[in-house]
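Student: Attaching a predicted model along with its sequence, questions to come.
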Amino acid sequence: MTFGRRAFLANTTLFAGTFALGARAAGVPSSGTDDLTAFIYAMPKAEMHVHLEGTLEPEMKFRFARRNGVTLPYKTVEEMRDSYNFHDLQSFLKIFYEGKSVLLKEQDFYELTYAYLTKAASQNVLYTEMFFDPQMHTDRGISFSTVMAGLTRAQTDARKNLKIDSQLVLCFERELSAESAMKTLESALPYRQHIVGIGLDSDEKNNPPDKFREVFARARKEGFHLTMHCDLNQLDTHEHIRQVLEDIQADRIDHGGNILERPDLVAIAKRRGTAFTVCPVACGWLRENGENINIIRGMLDRGLKVTVASDDPAYMKGNYVAESLVVAQGDANLSKQDLLTLARNSFEASWISSAQRKTYLAKLEVFQRQWA
Ligand code: ADE
Ligand code: ZN
């Protein structure tokens, strides 16, 4: 299967419709007029692919800039939002990295995290594993302990006030060196009780998983779970997916949609029980090319353990996990049973104790009895 022009043409109306749907779904519907949308918001779920730095909403960016004395290259929130035009991973990352300049103090990291957890809790996310990229901050002279203090204080407060549980996944920036990743891993070791897993994100071009083979082997030895991004349609994507499955033997792949073109890799992922965190809104360029449309359906049909997540919601027109599920439902014509499978997968692929998993799955069963 290739993701060609046909898919693009088929998806152009869906593309326009999606953002209309996204806007309509911006708040929890007050009545049951749209049964499936209400179902999606109310369904208990976990989210495992959200970059905390990608939840920095423009309004928050301006607020932090003002109080930290940072000058932004935009005059208004609207101007900033209008600049969020990406055509590929690299053009997205350029804008994404620009945002970090306003994150300076422990309180900034606290408010960023607490705001995301508030939003997630409002969409019946019971549990989330949040990515953060310490190198984005330590490279600017911000200490690892400042970042960790803000993040973990927000997690504690959210657990108490909002009844949402969370853990952290530390991601390395893959365009940086393996030595830098190893140093980052070592500085994370004193915080290991707060960090459940290690991931890999950022610019995939010429930065294959195997570049980090040694550091991921060490992370595994230290007791961390492992995940890695294989963004859609990247150079050497099939070889990258193979490396994640066979060389690194990660527990999950973030995105990874091109696996559908390779039955041999699908078979390995199924045998290994690898989970996939797919982001149907993802960055605009992915939808524009029509690539996302059948990935969730394709993974469900092949029996892969697929979950749905939001990725960088502040850069994707405010589509958090519930809106992402609404988009996925529309794109792939998902039934209630499909949606329940996605939610069940999200708890099964979470890095939690079996007791915690049992509690969440029991809540999902109660929901199913009431709603399905
Ligand atoms: N960093 C933040 N979002 C990302 C994405 N979708 N792919 C790679 N790196 C990222
Ligand atoms: Zn991502």
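Tutor: Yep, it's here. Residues are numbered from 1 along each chain as shown. Ligands and ions are numbered 1, 2, ... in the order given.
Student: helices or strands next to the helix or strand hosting Asp264 in the packing?
Tutor: Assigned by DSSP states H and E, Asp264 belongs to helix 263-272. The contact analysis (3 or more C-beta pairs under 8 Å, 6 or more residues apart in numbering; DSSP states H and E) places helix 263-272 against helix 237-242. For the C-beta atoms, the positions are set from N, CA and C on the backbone; glycine is no exception.
Student: in this structure, which residue is closest to the centre?
Tutor: Central residue of the chain (C-alpha atoms, centre = their mean): His49, 2.2 Å from the mean position.
Student: close to ligand 1, is the helix or strand harbouring that one?
Tutor: Using DSSP H and E, His49 sits within strand 45-51. Yes: contact of strand 45-51 with ligand 1 (C-beta under 6 Å from any ligand atom) involves His51.
Student: What mean pLDDT does that strand get?
Tutor: Across strand 45-51, the average pLDDT comes to 98.
Student: Give the next helix or strand downstream of it.
Tutor: Going down the chain from strand 45-51, the next helix or strand is helix 58-68, by DSSP H and E.
Student: Could you list the low-confidence segments of the stretch 251-372 of the chain?
Tutor: By pLDDT under 70, the weakly predicted segments of the stretch 251-372 of the chain are 283-293.
Student: Can you pull the residues of it lying near ligand 1?
Tutor: Asp311, Asp312.
Student: Any idea what the closest residue to ligand 1 within the chain is bridged to?
Tutor: At 3.5 Å from ligand 1, Asp201 is the closest residue in the chain, using C-beta to the nearest ligand atom. Per DSSP bridges, the residues bridged to Asp201 are Glu173.
Student: I'd say it and Glu173 touch.
Tutor: Yes: between Asp201 and Glu173 there is a contact under C-beta atoms under 8 Å: 6.9 Å.
Student: which neighbours do these two share?
Tutor: Asp133 (C-beta atoms under 8 Å, 6 or more residues apart in numbering).
Student: Please enumerate the strands of this structure.
Tutor: 45-51, 125-132, 165-173, 195-201, 225-230, 252-255, 275-278, 305-308 (DSSP state E).
Student: Pick the most buried one from those strands.
Tutor: When the strands of the chain are scored by mean count of other C-beta atoms under 10 Å, the highest mean neighbour count falls to strand 45-51 (a mean of 28).
Student: what's the angle from that strand to strand 165-173?
Tutor: Relative orientation of strand 45-51 versus strand 165-173 (axes from the mean of the first three to the mean of the last three C-alpha atoms, to 10 degrees): 30 degrees.
Student: distance from the centroid: which residue in this protein tops it?
Tutor: Gly69 (30.0 Å).
Student: Before we move on, what's the pLDDT of it?
Tutor: 97.
Student: partner residues bridging Asp311?
Tutor: Bridge pairing for Asp311 - DSSP bridges - gives Val50.
Student: so how many other residues sit close to it?
Tutor: Neighbours of Asp311 under the rule other C-beta atoms under 10 Å: 30.
Student: wait, it sits on Pro280?
Tutor: No: between Asp311 and Pro280 there is no contact, the gap being 9.4 Å when judged by C-beta under 8 Å.
Student: Cool, thanks, talk later.
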